[in-house]
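>>> Need a 3D model of the sequence below.
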Amino acid sequence: MITFILAYSQPILGEADTITYEKNVIIYSGNVKITKANEILTADKVTIHLDENKKASSAEAEGKVFYQDGKRIARADKAYYDFKKEIIRLVGNAKVEEGPNFVEADEIIYYRTEGKAVAIGKGKKVRTFYIEEKK
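Numbering: from 1, shown residues only. Sure thing, here's the model as predicted:
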């Protein structure tokens, strides 16, 4: 989901009211919009943690997190991405939509390398809606 933030294959445009760089941390604050090709991430705040080689090790987005990549849309109160483990966590009012299909839960964890997702309902049941494609 937020994998596009620091991928080096295409140009990335980051916009915010304030951008701060300090000791291996980049913080985008206020009306954040990060764009790469047809991918868009918006949030109130995005923090990117860099490793000793200045490569992204993790990122977190907070406040009205919205991500769109083509037809896939994800929303949550917060999102976390571990670049090394390739694990994405959507936390708080998490919802992923693709066309009419969706899953919503208190937390959705996506393990990219395994192609596995887990939806967790902490205060309410997990909901899904799926329409089978006709062959």
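>>> What about residue 100? Give its phi and psi, please.
Dihedral pair for residue 100: phi -80, psi -10, per degrees, to the nearest 10.
>>> Return the set of buried residues in whichever strand or helix holds residue 76.
The secondary structure element spanning residue 76 is strand 72-82 (assigned by DSSP states H and E). Neighbour-count burial for strand 72-82, counted by 16 or more other Cβ atoms under 10 Å, picks out 73-81. Placement of C-beta: from N, CA and C, glycine included.
>>> So what touches it?
Identification of contacts with strand 72-82 by Cβ atoms under 8 Å, 6 or more residues apart in numbering yields 1-3, 5, 43, 57-68, 87-98, 108.
>>> Selection in PyMOL covering whichever of these are buried, please.
A single PyMOL command selects the buried members of the contacts of strand 72-82 (16+ other Cβ under 10 Å):
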select buried, resi 1+2+3+5+43+57+58+59+60+61+62+65+67+87+88+89+90+91+94+95+96+97+108
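>>> The longest strand belonging to the chain pairs with which strands?
If you go by DSSP state E, the chain has its longest strand at strand 56-69. Sheet pairing of strand 56-69 (DSSP bridges) gives strand 39-50 (antiparallel), strand 72-82 (antiparallel).
>>> Could you dump those into CSV and include distance to residue 118?
As requested, those are exported to CSV (distance: least, Cβ to Cβ, whole Å):
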stretch, distance to residue 118
strand 39-50, 22
strand 72-82, 14
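>>> As JSON lines, the ones you listed with distance to residue 122 and mean pLDDT would be great.
Putting those into JSON lines (distance: least, Cβ to Cβ, whole Å; pLDDT from 0 to 100) gives the following:
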{"stretch": "strand 39-50", "distance to residue 122": "22", "mean pLDDT": "92"}
{"stretch": "strand 72-82", "distance to residue 122": "13", "mean pLDDT": "93"}
